[in-house]
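Engineer: When you get a sec, could you give me coordinates for this:
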Amino acid sequence: MSEELNIKDQIERIDSAIEVQEWYIKRNEALERLKQNDDFQTVIMDGYINIEADRVYQKLTDPRLAKPEDKESYLHQLETIKDIQRYLGTETYKGTVAILAANAKGFIDDNLALKQELLEGKSE
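Structural biologist: So this is what the prediction gives:
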């Protein structure tokens, strides 16, 4: 009887862990839908990540525009843009959201296999 409870507890933990990992997959699916949205492309991917980054970089590198006291702010802005780009991904880099979703899929697959093994062992 206690072995049955132990297996039941393990299965419950696996189900809970899978539920947590599914959130990463849903977040990636939502991001993929966003990336298909023309407004998102115009405002974020093109406007902020590309155009705004170029504008800030020009201000930083043009001695006529960059006051010494503003350089730190410009560097911080560029770093923020880079972090957002890394999070969302690009054509050549999957991005944090996609990487975490891929890891979650692997985790789910492994845990579903483990759950199946536990269920098969329980039925013997």
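Engineer: And the helices in the chain?
Structural biologist: For the chain, applying DSSP state H gives helices covering 2-35, 38-40, 53-61, 68-88, 96-123.
Engineer: mind showing which ranges of this structure have poor pLDDT?
Structural biologist: Low-confidence segments of the chain (pLDDT under 70): 1-5, 122-124.
Engineer: Report the central residue of it.
Structural biologist: The centroid of the chain falls nearest to Val97 when counting by C-alpha atoms, centre = their mean (1.4 Å).
Engineer: Contacts only, for that residue.
Structural biologist: By C-beta atoms under 8 Å, 6 or more residues apart in numbering, Val97 lies in contact with 24, 27-28, 31, 87-89. C-beta coordinates here come from the backbone N, C-alpha and C atoms, glycine included.
Engineer: Let me have those residues in CSV, extended by distance to Ala17.
Structural biologist: CSV is the format used below for those (distance: C-beta to C-beta, whole Å):
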residue, distance to Ala17
Tyr24, 12
Arg27, 17
Asn28, 18
Leu31, 22
Tyr87, 24
Leu88, 26
Gly89, 25
